[in-house]
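1. Sharing a sequence plus its predicted fold:
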Amino acid sequence: MNRHLENLRMTGKLVVIAVGMFAFGYALVPIYRAICEVTGINILALGEKQVPGKSRVDPVNTQVDTSRTITVEFDTNVRGPWHFKPAVRSMEVHPGQLATVMYEFQNVQNRTMAAQAIPSYAPRQAANHFNKLECFCFNQYTLAPGERREWPVAFVIDPKLPKDVKTITLSYTFFEVGTPTPAAPTAALPTATGGAS
C-alpha cells in the first residue's frame, strides 16, 4: 500500500513537471520577443517593424551598376513551320538589374509537336556574364495543333561583364524534338535580325 502511494505521488510529480515544461515552451516565444523589444537585442529580427533611426524606404540594390547601360537584342530562329518571336526586339538594362522579356510561340501545324530552344550569345564572351534565372530553354514542350504559349526569360547581366561590351545579342533557335539538333546560330550577329517565320 505504501509503495502504491509512492508511485502515485511520483506519477503526479512527473505530470506536473511535464505540464510545466509544455507551458514554458509555449510561452518561450512571446517571452523572447518581449525581452528582445525591451533590450533592443536581435534588432534584425524585428522584421516589418521599423528599426530605430532608419528610414522606411526600401533598400536600394547595390548590385546594380547604374553607371553602365547594356543594350540586349533578342533574335529568334525557327526550324519548322511555327511562329516564334520575342515581345520586344531589344531593351536597355544596367548590369546587375533583373530584367524579363516574354517570348511567344505558336504551333501552326495540324499535329501535336514537341519542341525545345537552344540559346547562343554574341559576342561570345557575354555568355559567361548572361545569367538566366528563368528560361523556357531549360525544358521541352509539347504543343497541340494551333496552341499558343508565352514564356518569360528572366535574366541578370553580371556587373563583371567587360567594359567594352555595350551590346549583347541573345539568340534562340527553336527546333522540334526528335529531329537533328541544329547548330547554334553564328555568334557574330551585329544586330537582332532574326524573326518568326
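-> Perfect, thanks for sending it.

2. Quick check: phi and psi on the most centrally placed residue in the chain?
-> Centroid-nearest residue in the chain, with CA atoms, centre = their mean: Leu133, separated by 4.4 Å. Here is the backbone geometry of Leu133 (degrees, to the nearest 10): phi -90, psi -30.

3. out of everything not next to it in sequence, what's closest to it?
-> Ala154 (4.5 Å; CB to CB, 6 or more residues apart in numbering). Where C-beta positions appear, they are placed from N, C-alpha and C, glycine not excepted.

4. What strand or helix carries Pro162?
-> Assigned by DSSP states H and E, Pro162 falls within no helix or strand.

5. Which of the three states applies to the spatially closest residue to it that is not a sequence neighbour?
-> Closest residue to Pro162 apart from its sequence neighbours, by CB to CB, 6+ apart: Gln125 at 6.5 Å. Under DSSP: H, G, I helix; E, B strand; the rest coil, Gln125 falls in the helix class.

6. Distance of Gln125 relative to Leu161?
-> Between Gln125 and Leu161 the computed distance is 8 Å (CB to CB, to the nearest Å).

7. Please apply the same query to Phe105.
-> For Phe105 relative to Leu161 (CB to CB), the value is 29 Å.

8. How about Ala144?
-> In terms of CB to CB, Ala144 sits 40 Å off from Leu161.

9. Between those two, point out the one with more neighbours.
-> Taking other CB atoms under 10 Å, Ala144 and Leu161 do not tie; Leu161 has more neighbours (20 against 10).

10. contacting residues around the residue nearest to Leu133?
-> Leu98, Ala99, Thr100, Lys132, Leu133, Glu134, Cys135 (CB atoms under 8 Å, 6 or more residues apart in numbering).

11. helix, strand or coil for it?
-> Recorded secondary structure, Ala154: strand (three-state DSSP).

12. is it in a bridge, and if so with what?
-> Ala154 has these beta-bridge partners by DSSP bridges: Thr100, Glu134.

13. could we number from 19 for the rest of this?
-> Got it, the first residue is 19 from now on, which makes the last one we talked about Ala172.

14. picking up where we left off before, so the residue nearest to the centre of the chain touches Leu116, yeah?
-> Yes. The criterion here is CB atoms under 8 Å, and Leu151 meets it with Leu116 at 7.3 Å.

15. Show me whatever sits in contact with both of these two.
-> With CB under 8 Å, 6+ apart as the test, Leu151 and Leu116 both reach Ala172, Phe173, Val174.

16. any idea how far the second one lies from Tyr139?
-> For Phe173, the distance to Tyr139 (CB to CB) stands at 11 Å.

17. Can you pull the residues that touch both of these two?
-> With CB under 8 Å, 6+ apart as the test, Phe173 and Tyr139 both reach Phe148, Leu188.

18. Can you tell me how far Cys155 is from Phe148?
-> As for Cys155, its distance to Phe148 is 12 Å (criterion: CB to CB).
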